[in-house]
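# 3D, please:
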Amino acid sequence: MTTSEERIREGLHTVPKLVSLIQNAAKVVEEHYGAAGVPSLDGTEAHPLDEEFITPAMREAMQTIEGACEQLAVTIAKPKHTLMNVSLWL
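Below is the predicted model of the structure:
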């Protein structure tokens, strides 16, 4: 059985691993978008690559970013904060 202190130490090792996953997946996304650039959050017009087929590598990168970002947020947040967020999503 692990103690609370051991779980905290384990979590500290998890954060850099999650950040690394996000960075590596972001490189795949940047390569996919290439010269067209990553779409802006502020943009209202269609992006040139919106209609393009998503490659398996791009799909995996997107899923990795989504999952690793969620896991990172949950890892660093207080449990009460996470429970409150989850309860509001339902």
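
# Quick check: what element follows the longest helix anywhere in the chain along the chain?
Counting residues, the longest helix found in the chain (DSSP state H) is helix 4-33. Proceeding N to C from helix 4-33, the next assigned helix or strand is helix 56-76, under DSSP states H and E.

# Residues in contact with that following helix: which ones?
11, 14-15, 18-19, 21-22, 24-26, 28-29, 32, 54, 82 (CB atoms under 8 Å, 6 or more residues apart in numbering). From N, CA and C alone the C-beta is placed, and that goes for glycine too.

# In CSV, list the C-alpha atoms belonging to the following helix or strand past it.
On the C-terminal side of helix 56-76, the nearest following helix or strand under DSSP H and E is helix 79-89. Output of helix 79-89 as CSV, limited to C-alpha atoms (Å, rounded to 0.1, in the frame of the first residue of the first chain):
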residue,chain,number,x,y,z
PRO,A,79,-9.1,17.0,-5.4
LYS,A,80,-12.0,19.3,-4.4
HIS,A,81,-11.4,21.5,-7.5
THR,A,82,-11.5,18.4,-9.8
LEU,A,83,-14.7,17.1,-8.2
MET,A,84,-16.4,20.5,-8.6
ASN,A,85,-15.4,20.6,-12.2
VAL,A,86,-16.6,17.1,-12.9
SER,A,87,-19.9,17.8,-11.2
LEU,A,88,-20.5,20.9,-13.3
TRP,A,89,-19.8,18.9,-16.5
